[in-house]
Structure formats: structure tokens, C-alpha cells
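Colleague: Pasting the sequence and the predicted coordinates here, then a few questions.
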Amino acid sequence: MQQQDSCQPTKQAGAALTHSVHERLQAVRAIGRCAVSLEKAAQRCISVLLELIQAKVNYVVQEAVIVIKDIFRRYPNQYESIIAQLCENLESLDEPEAKASMIWIIGEYAERIDNADELLETFLETFPEETSMVQLQLLTATVKLFLKKPTESVQRMIQLVLSCATSETDNPDLRDRAYVYWRLLSTDPEAAKDVVLANKPIISDDVATLEPGLLKTLMEQISTLASVYHKPADTFVSRQRLAVQKVESVASRTFEEEDVAAAPAPQAAAVNNGVVVPAAAASSAPVMDLLGDDLLGDSSQPPAAPAAGGLDELLGGMDINAAAPAAPPAAAAAASSADLFDMFVGSSDLSVSAPATNLPILLSGERAKGLTISGKLSRSAGQIVYYIHISNGSAQPVDGFMLQVNNNSFGLAPADQVVAVGTLASGASGSGQVVMTYSAAKHAQGPASTRLQVAMRTNQLGVFYWDDNIPLSALLEGNGTIDGQTFLNSWRSLPQESVQRLNVTISDIEATKAKLHSANLFVLAHRPVPGTGQDALYVTGRVFHAAQVLLELRLARGMPEVDVSFKSERQELADATVGALRNVLA
């Protein structure tokens, strides 16, 4: 009777398969959870999953493979007899998690699968295009196969995958794991067996062990470290964020230009085109201290002598409470012409279209089954737009183009996944635009990176993957200015700035200000640096859902040198910001 009751959730989950795709996938997961949680129901759950696999419904087969992997981990050496049936459905697997699960099964039970090398070889054919999840599993599974069946063909496979993972990838996790395996295999194969083939801990369903309130909080913070520590984020995170006032709530500011005295200060290191050089070589003029003792002046202390130097002197005497200069007429007109509802419409409503010839190639025909895919992220009409151009070099018409991106540092996600190029006949090409919006679910934690992992699905040719770079020019927001008080307070509170040198020549300061404004980099103040013949520009901008960036530009008019000091609470954005600045000033 108890066994019959324990199977009841399985029957209910099976009944739910008559509903929508989402509900069917939820039902398959529920069957897998029943098997993991209720040992007496496991056999019945396995039988139901096999029946679902035999139905040959693609998305059901893939979800079934994922949950069966968990069942194998929960009950090792009990249900491996069904592996042969799973291997018959390899062609149905195109989702990364399903592929990774099947690869794990093949590697874990390679000694029981006669053609395990052939099965893994089918996945290795597309190794460079696979997601990091699949690549990591392929690497480990191939090493397991080599340790269990060190045949000549497997030796070629392991050499190929290790070489590719260490020299042809920019994924540090994959590269580091490959180097560890390579060192283990080349120095101590027995130690490699102990590490790679060690017994795995048996998994369990521990959801019921969490209090409902805590579980709800952790589910809301699933993309953060809270899901790793099983603690709400506010119990272990204490971070002072840069106080940035919204432009709508801040009165416009302006700064009077006035000469001030300053003296040389301690020198810092600079970067010249990526190479660290002494500050003495960075500029022939004296370098002034950006962190003076009193950035804004303190009425409780005597005023600093003019020789003290520092950022407060370069910006000293500016009228913090005055009104800011109005935006250039062209910029104001562009802002007023942007419709409030532009944030919610598809790319067809954009008036700007990037020429297909200007787009870099993302995937060549050799890697995309005849399709050549070009694209670039840009900012247009206040929105971030992914411009896509597709040329169909395959022998068949292709349609159903859809775009998706992986979690990224800026939470970018397509507002509509459809790439509106229609049906492309063989030899035809088409261009489309995908508007990108912010999605909290896509916002990756950790240091900011401009890397973007992209997937495109087609009805006929399957799914293709590529890595793209997010240009910071596309991320700078049009309302990213702040007032001078906030700039000074933030500069003072943030850690040491990074300094880089740009080999660009600036002769017209006003034209440079206009260029920066058009790129959503806002000049808050312009000061001559006394006794140096240099000008200093103080610039700010806000990066899309990331941070405010603060810049000091020092230049001598007509000279091919601009020294850029950068500060932000996301200091890792320095290179990307300076790169965007270089493109604006060039």
C-alpha cells in the first residue's frame, strides 16, 4: 500500500503531459524528482521515462535524458541497462544541458558501452561551437574513456580534445581543467584515475530540508551566491555602491572655468597602449595629485595652500549649484523624437539600419552548415540593438531564425527572439535587428566582462553558437550624467585610479566635447592645468545596468598624447571604457 501511494505523484505527473510544452517538461522533471526522492517509486519512474523517450518527442526526450542522469547518480549501478535505449536518441539532443547529461552518462559508463568512443566522437565534431557546459563534460568524459579504454583511437581523441581545449579556447575554466588533466595524464596516470574516476557522492533531493520562507528567498536570488551558500544575500554581502543620482531628479549643473595654481605631486604608473610605464614618461609636464587632502574644502579647517595641488584645485571654485548647459540641439531633437513606447517594440520600428557590409563575421559557412552570420551590437534611438546579417550558402531554404544569449554582466536579453529575415532561399541573404533589453534573470554576477555568448536556432539546420564582444559604446546610457558634487565625492571615495595613454591628437576642445556628448560621455568641467600647458577634462558616463564611470583626460592641444585616469566601482571596466574613448577621439 505504501509503495502504491508513493507512485501517486508519478501518475499525476504523467497525466500532466497532455497540457502545454512547459507543463510537459515540468511533469518530466516531477517524475525524475519522484525517482530521486522515493526509492520505491524509482523503477516505475524509469519505466514511464522510457515510454516517453520511445514517443520520440524531441523536447521530452531531452528532458528525460537530463533527469535520468540524476537517477543514475542517485542509484549507481542499478538502472544502467537502459543506456542502450538512451544512445539510440543522440540525434534528438540539441539543448546544451541534454547534451551534457548524455555525455556524462557515456563517460561515466564507458566501460559498459561498446562503441563509447564512436558516440563521443560525434559530439567532438562540433567541440569548438559547443557551450562551455558541453565542452567541460566532453573534456572530462574523454579523459574517463581514455583511462578506462586506452585504445589507439581514444588516444587520438584525447590528444585532439586536450589540444583544442588548451590552445583554441578563451574559456579559462575549460583551459585550466584541460591543463590539469594533461599534467596528470603525462606525469602519473594512476593519480589521474584516483582523481577522475573517484566515487561520486550520492545525490539527494534536499528541497524539503529548507524552510519555506528561506526557500522562497533563495529562489528569488537563484542567480547569486545565495544559491551556493544557501543563505540570503544580505547575510554575507555588504557593499557600498556608488551613489549616483538619477538625471530626472537632479538639477542641471555647470562649472565656471577659472585658472588655479597647482604644484607637482607624487608620480603614478601609467599604461601606454597596454604597457605599464613610469609616470615620468607619461607626460613631460608635472603630474598633480588627484586625491588632495580636501577635495571640496572643509570649513572646519584652514584652506589648503595653492601649492597643495589636486583634483579639488582643478575643479575648485566651480559653481556646483548653477545650471548645466543645455544639450546640443541635434541631441535634444533626437531625444524628443524617441517614442516612449520604443522600449517595447520590435526592431522593425527602428529607423536606423546598419549596412550589412560593415558587420563583422561571427560564424563562417564552414562552422554554420553553409550559413554565414555577421552581426554587431550598437546603440540606436536610445536602444541597444543587435544588427544581424545572414547569407544562406546551404543547399536548402532556411527559416525560423531565433536568437538567445547566455547570462552576461549587463543582463542583456532579446526583447523578441525572432530575427525577422523571413525564409532565406539557397544563395539568398537578409538582415534583421533584435532589440536588447535588461533581464534580471540574465544578469551574471562577478567581475564585469564584455563577453557575450550567443545562440541562433533555425528550423532546418539546428542551433549555432558563437562568442561576441559587447562594445561599451552600445552600453553608455543617454541619461548617464551626474552633478559635480557627486563626481567629486565619488572620485574621492573610490580606490586608486588606473591610468592609460591614448595616441590621439586633440586640437579643438569644443569639437571634442561634442564628440564625447554624442557618445554619451558627458564633460562636467574643463580646466587648464597651471604651469603645464595642458587641459583637463572631467568626464562621466553610466554603463547599462553596471556602474558610473569617472574619467580625467589630460592633453596638450596638438600633441599626440591623451592621458586618461579612470575610476569606477567596477574598475574592471577600465579597458573597455578607454577603448570606447579611443574610438570616439580617433
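Modeller: Looks like it arrived, so ask away. Note that the structure is predicted; figures quoted are calculated from it, not measured.
Colleague: If the most centrally placed residue in the chain is in a bridge, with which residues?
Modeller: With distances taken as CA atoms, centre = their mean, the residue of the chain nearest its centroid is Asn408 (2.3 Å). Beta-bridge partners for Asn408, by DSSP bridges, are His443.
Colleague: tell me the contacts of it?
Modeller: Lys442, His443, Ala444, Ser449, Arg451, Leu452, Gln453, Ile470 (CB atoms under 8 Å, 6 or more residues apart in numbering). Bear in mind the C-beta positions are built from the backbone N, C-alpha and C, glycine included.
Colleague: do Leu138 as well
Modeller: Ile103, Leu120, Phe123, Leu124, Phe127, Glu130, Val161.
Colleague: Please, where are all the strands along the stretch 401-550 of the chain?
Modeller: If you assign secondary structure with DSSP state E, counting those that start in this stretch, the strands in the stretch 401-550 of the chain sit at 402-405, 412-414, 429-438, 451-458, 462-469, 498-502, 522-529, 534-543, 547-555.
Colleague: Can you tell me the closest non-neighbouring residue to Thr505?
Modeller: Counting by CB to CB, 6 or more residues apart in numbering, Thr505 lies nearest to Pro560, which is 4.6 Å off, once chain neighbours are set aside.
Colleague: unless I'm mixing things up, the one you found is touching Ile506, no?
Modeller: No. Pro560 lies out of contact with Ile506 (CB atoms under 8 Å); the separation is 9.2 Å.
Colleague: So for these two, which sits in the more crowded spot?
Modeller: Using other CB atoms under 10 Å as the criterion, Pro560 and Ile506 rank with Ile506 on top: 21 against 12.
Colleague: in stretch 454-465, what's buried?
Modeller: For stretch 454-465, the neighbour count (16 or more other CB atoms under 10 Å) marks Val454, Ala455, Met456, Arg457, Thr458, Leu461, Phe464, Tyr465 as buried.
Colleague: In CSV, list these along with distance to Asp399 and pLDDT.
Modeller: CSV is the format used below for these (distance: CB to CB, whole Å; pLDDT from 0 to 100):
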residue, distance to Asp399, pLDDT
Val454, 19, 94
Ala455, 17, 93
Met456, 12, 93
Arg457, 11, 93
Thr458, 7, 94
Leu461, 10, 92
Phe464, 15, 91
Tyr465, 19, 93
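Colleague: In these, find the pair that's most separated.
Modeller: Val454 and Leu461 (15.7 Å; CB to CB).
Colleague: so which strand or helix has Ser378?
Modeller: Element membership for Ser378 (DSSP states H and E) is strand 371-380.
Colleague: How far off centre is that strand?
Modeller: Remark: strand 371-380 is offset 17 Å from the chain centroid, using CA atoms, centre = their mean, to the nearest Å.
Colleague: quick one: strands adjacent to the next helix or strand after that strand?
Modeller: Counting by DSSP H and E, the next helix or strand C-terminal to strand 371-380 is strand 383-392. Strand pairing for strand 383-392, using DSSP bridges, gives strand 371-380 (antiparallel), strand 429-438 (antiparallel).
Colleague: and the angle for strand 383-392 with strand 451-458?
Modeller: Inter-element angle recorded for strand 383-392 and strand 451-458: 50 degrees (by axes from the mean of the first three to the mean of the last three CA atoms, to 10 degrees).
Colleague: Show me what the mean pLDDT comes to for strand 383-392.
Modeller: Across strand 383-392, pLDDT averages out at 94.
Colleague: likewise stretch 75-83?
Modeller: Taken as a whole, stretch 75-83 carries a mean pLDDT of 86.
Colleague: Could you do stretch 105-125 as well?
Modeller: 89.
Colleague: Can you list the buried residues in that stretch?
Modeller: For stretch 105-125, burial by neighbour count (16+ other CB under 10 Å) applies to 105-110, 113, 116-117, 119-121, 123-124.
Colleague: sorry, back to before: CSV please, covering the strands of the stretch 401-550 of the chain and showing distance to His389.
Modeller: Formatted as CSV, the strands of the stretch 401-550 of the chain follow (distance: least, CB to CB, whole Å):
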stretch, distance to His389
strand 402-405, 13
strand 412-414, 16
strand 429-438, 5
strand 451-458, 12
strand 462-469, 14
strand 498-502, 31
strand 522-529, 33
strand 534-543, 27
strand 547-555, 31
